[in-house]
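Asker: Show me the folded form of this:
(one chain, ligands or ions: 1)
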Amino acid sequence: MKKQIKAERVRMEFKEREALRGIDLHVSEGEIFGLLGPSGAGKTTLIKILTGQLKQTGGEAYIMGQDSRRLGGTVCARIGMVMDNSGLYERLSCADNLGIFAEIYGISKRKIRTALDKVGLSEAVKTPVHKLSKGMRQRLVFARAIMHQPDVLFLDEPTSGLDPATASGIHRLICEERDRGTAVMMTTHNMEEASKLCGYIALLHEGSIVEEGAPDDICRRYNHQNKIKILLHSGTTVMLNHDGSEADALAEYFRASDVAEIHSTEPDLETVFMELTGRGL
Ligand SMILES: Nc1ncnc2c1ncn2[C@@H]1O[C@H](COP(=O)(O)OP(=O)(O)OP(=O)(O)O)[C@@H](O)[C@H]1O
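Answerer: Numbering: from 1, shown residues only. Sure, this is the predicted structure:
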């Protein structure tokens, strides 16, 4: 698997603040990497460095093997981005907004229609941006990010503030991009979204990665209780140690057909995050 995004000991010092304190990570093709962290953790700063919008004060960053401080036109044309400041032209139509980028990327105008269809905006081809709802705008920004079929995609809170149906449509498109082989790096404050989409996540706190791994593996690591919770048909809840000693008791409950539900006591990502940072997302 090609490592499309790489950071090696990346540091960023603003005048009176150290925003990143030596970040190491990589994202391979066909992978969705989640960068999570509370407000001010350094997520946007890192994405800006990786995409060449900001120059780091230490360490190295590479996109498709090219130093992010010197990204050339060919590499830039293979990157897609959804950032906080949408950069849409309010008075231009959806199609004309994408048209500008089609020209920059040097792709056929036919791709505009395909991209708008993909995000469900075929009816709004001629609608000026200022008449779009928040969800439609976000879908347009997404269409702009993927219309040139990028190899690397950066998504800074792509579903923030969207209704569940629009968010779920965007999730589907992100997965389609991954399946096409795109390396995706996304930030989110939504832990459910991160667990569902990301194969690998890094928890960023005050400029450092404090935990990383597959979401399930991280949650298992913080399963301090290590118990099984059984809900019986009678409504009673039984807690058993999850160390092998529970086998006989569990078999007995099953023999008696008493078991309605069975759960492990693994914490969710939000709880792990609270434990590590003392703050919620
Ligand atoms: N241009 C800048 N000049 C000075 N400080 C900055 C600048 N940009 C970011 N910072 C500081 O760097 C730290 C990290 O900011 P950053 O925007 O990367 O956080 P974030 O994790 O993206 O937060 P959020 O989730 O709120 O978007 C913050 O303390 C912020 O105030």
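
Asker: what's the closest non-adjacent residue to residue 238?
Answerer: residue 230 (4.6 Å; CB to CB, 6 or more residues apart in numbering). C-beta: built from backbone N, CA, C; applies to glycine.

Asker: Phi, psi for residue 66 please.
Answerer: phi -100, psi 140 (degrees, to the nearest 10).

Asker: how near is the closest residue in space to it that isn't next to it in sequence to residue 106?
Answerer: Spatial nearest neighbour of residue 66, excluding adjacent residues (CB to CB, 6+ apart): residue 75 at 4.9 Å. With the distance defined as CB to CB, to the nearest Å, residue 75 ends up 14 Å from residue 106.

Asker: So which of the two has more stuff around it?
Answerer: residue 75 (19 against 9; other CB atoms under 10 Å).

Asker: Let me know the secondary structure of the more buried one.
Answerer: helix (DSSP: H, G, I helix; E, B strand; the rest coil).

Asker: Distance check, it against residue 207.
Answerer: For residue 75, the distance to residue 207 - CB to CB - is 26 Å.

Asker: Could you do residue 231 as well?
Answerer: 42 Å.

Asker: Settle it for me: which of these two has more neighbours?
Answerer: residue 207 (22 against 15).

Asker: Alongside the ligand, which residues does this structure contribute?
Answerer: Residues of the chain lying close to the ligand by CB under 6 Å from any ligand atom are 14, 17, 19, 37, 39, 40, 41, 42, 43, 44, 45.

Asker: ok, now how distant is residue 166 from residue 98?
Answerer: Residue 166 is 19 Å from residue 98, by CB to CB.

Asker: Which one of those two is surrounded by more residues?
Answerer: Between residue 166 and residue 98, counting by other CB under 10 Å, residue 98 is the more crowded of the two (27 against 19).

Asker: was I right about that one contacting residue 110?
Answerer: No: contact criterion CB atoms under 8 Å: residue 98 and residue 110 do not qualify, at 11.3 Å.
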